[in-house]
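**Q** just to be clear, the model below is a prediction. Sequence and coordinates:
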Amino acid sequence: MFAELCITSNFTFLTGASHPEEYMNRAALIGISAIAISDVNSVAGIVRAHTKMRDIARQITERTETEARHGPIGPAAPPHLPKPRSLHIRNTPRLIPAARLCFAEGIEATALTATRQGWATLCRLLSTGRLRADKGSCTLHLSDFPDDLSGLGLILHPPPQAQHPPGGAHAWLRQARQLTRRLPQNTYLALSPRYDGQDALRFDTHADLAKALNIPTIASAAPRMHHGRRRRLADVLTAIRTSTRVENLGRGTFANGEQRLRSEAEMRKILGPHAAAVTRAADLAETCQFDLASLRYEYPSEITASETPSGRLRRLALEGLRWRYPHGAPERVHNMLEHELTLIGKLNYEPYFLTVRDIVAFARSRDILCQGRGSAANSVVCYCLGVTSVSPEIGTMVFERFVSEARDEPPDIDVDFEHERREEVIQHIYERYGRHRAGLCATVIHYRGKRAIREVGTAMGLSQDTIGALSSQLWGFFSAQGLEESRMREIGLDPNDRRLQLTLELVHEIIGFPRHLSQHVGGFIVTEGRLDELVPIENASMEGRTVICWDKDDIDALGILKVDVLSLGMLTCIRKAFDLIARHHGPQHTLATLPQEDPRVYDMLCNADSIGVFQVESRAQMNFLPRMKPRNFYDLVIEVAIIRPGPIQGDMVHPYIRRRNGEEEVTFPSDELGAVLGKTMGVPLFQEQAMQIAIIGAGFTPTEADRLRRSLATFKKHGNVSEFRTLFMRGMRKNGYEDDFAARCFSQIEGFGSYGFPESHAASFALLVYASAWIKCHHPGIFACALLNSQPMGFYAPAQIVRDACEHGVDVRPICINASYWDNMMEPDDKGGLALRLGFRQIKGLSEEDATWITAARGNGYLSVRDVWRKAGLGPDILTRLAEAGAFAATGHSRREALWETKSLIKGPELPLFAQDIDGEAVQEPAPNLPEITLGEEVVEDYVATRLSLRSHPVGLLRSLLTPGAPNTLGKEAKPR
């Protein structure tokens, strides 16, 4: 047998030319016993290979069981029998986690992990190198090796020019000897072919080098691709990495396609008299028995001397139950809580829920508004812990859908925080658990259409015009089959051009390749022990953040805890609105204590009066609201979920409305599906319902349903939802359902792959819909003020928000040098109500620091532009921005007068010598005769300076041109505001 232990995958970005999964598949086909994905200073791609290894093992197991029942499976096997992707795969290659370490001293070595301790050592070593370097780089020194190297195996790679290194005088040989002395039993020297006609001599030379180091040799093809057909793409990746064109690579290109994964027979033939190194590779692989699956369940227990995690969770849950239900909780809620706590304890998930609770408790202690969502968030336990404010009595969600003893995988809780203050929470997590125990997940940036066309096209030498033409056709005509010839001719390209054809082939091939790592939007992994012994940690591009090299799919595959600390602009808006309500009206509101089921709120939504309201402010939602006519909270849950590509593509929207309005009879395909679809009138709208249809209607096993669920989450990346279509349709037909209904159901499931909502997410978002709608309904001025202070967010620009507030009777007042602050504020309107005063934040180019100086120095008010200049110490450029925004109207200066005065100011302190004439009299400059500004000019200047105007709508100035007989206001003289 042979084990390939020095594989470079495409997670050595822009170097390796094959996915880790492709190496695993190829190894299974050619009979390799084990492989080690050893990317340069990285283990980012290892989990992908680990997942594929499990998939291959599952396929072999399923085929073995089928053959035991029905006989050998072949091409002529009955259609109802599952067929593996390859009938030739009979063994599952083992994956050996590894990394190719490149040291600053010039030594390169592949480190293989034989034990869990060896993996911890490798991760800490990589963390050391990456934390001392910028994002994406790693600086390692031989001195970084710890004293204890047990659990590791090392394969030294000879230097490129090591032909006859002169004894101890050679620096590489001296450093290599120092390394081999520290790990004498598990260090080898790689014999790798280069296919340049000099391999026989090179093998002899390297064998002599191994003898000088007193270590054995080991065979490796050192593949950079799984198959020789990737040679062209490998050259393109090199060209992209080196910022050159393929035709100019010279010696940087591959001489041939031989540097690929090879079988045992091929390696023995290549090595000839050194073939014993092939056997040593297999023997070394047998000593490496560490499995990534053993990294699971390393959750932070936070055990104290007086309380276990289970006892603490129960105590906090019961305290929260009394807090949530001060007059006593219903018996149903008591039973649900006990059931959930029992299941959580059986699966040892108490630390997970406690971790989320501690993060949320910190946010609440700092008055940071937050709201949990995700599958587990809508449970009695999370409701009592304060993670979510959605009552568990909403809907009919079942706890086992996300915490299942059968699936044995961690639950999913996402927590949204105010987008302006989320960084406080992130830094708290680092401080609370330590950077050695907490880090953000990575996000793998893959090649997609436009980037692939741009970078491959540049590497292939296409002109920028050609690349632009191809990019312009991406969505309409660029598919897996390429551009249609007719379309290529229409955009001025020759479909028969060989360079263009080759470029398009390479673009299709590079789609899905990893380009680089970025940080996840908020997915935190927190561990009981050292995180840098679980996975390497590196610096993020953002200061103060550290990330791991695995993304959320990798974390899910290993079953490791992840808490999503996300940001949401509407939470910032709601919190600021609550503060304003408390300041001006008294009541202290929270998401959980808002008056429920207010008819006025639902009346407003039925009229599609929802500008600025969370999730229902889009034109599609505003068009749907009068048809939906929501009258209770669960209607909002459906409203949030139904206007999504999933239900729309599955043609679920119109049937639901017809049934809701009594235009169509509510029917169910069966009593079993009726229990699933009853609350949505027989129409599946949520992801949970789609999964239940697959299980109940199509006869999916829990394992198959879980695979379908995972495929939904990764549909955009991998596009594998349709693999389940045949199985789904066959199962529905077998259980007596019509093909039309089955096809519509699966179409909706596919739509969820693009974007669909689970009921738990929709319920969490519906609470924010109601909260924002309640504020808008009862306090429209405060709602507009909070929206403006939370920008940028939402669909609408400040001008539309202000206009909507005016239509609701809000008195909106302009920016004033003597009355405004940085934020928009509410002030008395002399009628017993409140007016909205626009703040300095609306002025383009004005910073919060400048606004602070203005408000701190104005005392009893400013009298002129020069007064602001003297007191606040602002430069003429800042005063010009204020003048352009019309902020000096309160001092009696029009916009043009204020601008004229700013031009008379000098940078720096005013000199008294020039303030008087020769007789000691004050210099009096004659007042300028400035032309009056028209209304149209004022509106234009308002939009240029503040992106809104309180004088007139721009279209109103053209009313005379649009409506015969309307007065002409375009050149009308503007009146002071």
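**A** Right, received. Where do you want to start?

**Q** part of a helix, is residue 452?
**A** Yes - membership of residue 452 in a helix is supported by DSSP: H, G, I helix; E, B strand; the rest coil.

**Q** can you show me the strands along the stretch 801-950 of the chain?
**A** 811-813, 825-828, 834-837 (DSSP state E, counting those that start in this stretch).

**Q** what's the most buried one of these?
**A** Mean neighbours per residue, mean count of other CB atoms under 10 Å, is largest over these for strand 834-837, with a mean of 20. C-betas here are computed from N, CA, C, even on glycine.

**Q** re the thing from before, out of the strands of the stretch 801-950 of the chain, flag the one nearest residue 290.
**A** Using CB to CB as the measure, strand 825-828 is the one of the strands of the stretch 801-950 of the chain that comes nearest residue 290, at 61.1 Å.

**Q** pull the CA atoms of the closest one into CSV?
**A** C-alpha atoms of strand 825-828 as CSV (Å, rounded to 0.1, in the frame of the first residue of the first chain):
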residue,chain,number,x,y,z
MET,A,825,-33.3,65.5,18.5
MET,A,826,-36.9,65.9,19.7
GLU,A,827,-37.7,69.4,21.1
PRO,A,828,-40.9,71.1,22.4
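
**Q** and that strand, how far from the chain's centre?
**A** Put simply, strand 825-828 sits 39 Å off its chain's centre (CA atoms, centre = their mean, to the nearest Å).

**Q** other residues contacting it?
**A** 580, 583-584, 781-782, 785, 813, 819, 834-837, 839 (CB atoms under 8 Å, 6 or more residues apart in numbering).

**Q** redo that, cut-off 7 Å
**A** Identification of contacts with strand 825-828 by CB atoms under 7 Å, 6 or more residues apart in numbering yields 580, 584, 781, 782, 785, 834, 835, 836, 837, 839.

**Q** just stretch 91-100 next, same as before
**A** 5, 24, 27-28, 31-43, 46, 49-50, 53, 56-57, 60, 108, 110-113, 119, 122, 126, 285, 288, 290, 292.

**Q** so which bits of that stretch are buried?
**A** Buried residues in stretch 91-100, counting neighbours by 16 or more other CB atoms under 10 Å, are found at 92, 93, 94, 95, 96, 97, 98, 99, 100.

**Q** just these: which are in strands?
**A** Helix and strand membership here follows DSSP state E; of these, those in strands are 94, 95, 98, 99, 100.

**Q** any idea how far the fourth one is from residue 549?
**A** Translated: residue 99. 10 Å (CB to CB, to the nearest Å).

**Q** span of stretch 524-532 from start to end?
**A** Using CA to CA, to the nearest Å, the end-to-end distance of stretch 524-532 comes out at 14 Å.

**Q** and that stretch, what's buried?
**A** For stretch 524-532, a neighbour-count test (16+ other CB under 10 Å) marks 524, 525, 526, 527, 528, 530, 531, 532 as buried.

**Q** try stretch 127-137
**A** 127, 128, 129, 130, 131, 135.

**Q** may I see these organised as CSV, with distance to residue 851 added?
**A** Shown next, in CSV, are these (distance: CB to CB, whole Å):
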residue, distance to residue 851
127, 43
128, 45
129, 45
130, 41
131, 38
135, 34
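
**Q** which ones among these map onto helices?
**A** Applying DSSP state H to the buried residues of stretch 127-137, the entries found in helices are 127, 128, 129, 130, 131.

**Q** and the least confident of the buried residues of stretch 91-100?
**A** Taken together, those show their lowest pLDDT at residue 92, with 88.

**Q** ramachandran angles for that residue?
**A** phi -110, psi 120 (degrees, to the nearest 10).

**Q** repeat for the one 5 residues further on
**A** With angles defined as degrees, to the nearest 10, residue 97 sits at phi -60, psi 130.

**Q** heads up, I number from 55, so please use that
**A** New numbering, starting at 55: the last item is residue 151.

**Q** distance check, it against residue 253.
**A** 29 Å.

**Q** any low-confidence regions in the stretch 355-504 of the chain?
**A** The stretch 355-504 of the chain contains residues with pLDDT under 70 at 355-359, 428-432, 447-464.

**Q** the helices in the stretch 755-904 of the chain, which residues?
**A** 756-767, 769-772, 779-788, 793-809, 813-832, 834-843, 852-861, 902-911 (DSSP state H, counting those that start in this stretch).

**Q** want to throw the ones in helices among the buried residues of stretch 181-191 into CSV with pLDDT and distance to residue 705?
**A** CSV is the format used below for these (pLDDT from 0 to 100; distance: CB to CB, whole Å):
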residue, pLDDT, distance to residue 705
181, 94, 51
182, 94, 56
183, 94, 54
184, 94, 50
185, 93, 52
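
**Q** can you tell me which of these is closest to residue 677?
**A** residue 184 (50.3 Å).

**Q** list the contacts of that closest one.
**A** 192, 590, 592, 593.

**Q** cutoff 10 Å now
**A** Contact partners of residue 184, counting by CB atoms under 10 Å, 6 or more residues apart in numbering, are 95-96, 190-194, 586, 590-593, 600-601, 603.

**Q** redo the strands of the stretch 855-1004 of the chain as CSV? Include distance to residue 622 and mean pLDDT.
**A** Converted to CSV, the strands of the stretch 855-1004 of the chain look like this (distance: least, CB to CB, whole Å; pLDDT from 0 to 100):
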stretch, distance to residue 622, mean pLDDT
strand 865-867, 26, 92
strand 879-882, 23, 92
strand 888-891, 24, 93
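
**Q** will you turn the ones you listed into JSON lines that also has distance to residue 246?
**A** Output for these, formatted as JSON lines (distance: least, CB to CB, whole Å):
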{"stretch": "strand 865-867", "distance to residue 246": "73"}
{"stretch": "strand 879-882", "distance to residue 246": "70"}
{"stretch": "strand 888-891", "distance to residue 246": "72"}
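
**Q** need the nearest residue in space to residue 411, chain neighbours excluded.
**A** Excluding its sequence neighbours, the residue lying closest to residue 411 (CB to CB, 6 or more residues apart in numbering) is residue 439, at 4.3 Å.

**Q** would you mind confirming that the one you found is in contact with residue 404?
**A** No - counting by CB atoms under 10 Å, residue 439 does not reach residue 404; the two are 11.4 Å apart.

**Q** touching both of the two, which residues are there?
**A** residue 367.
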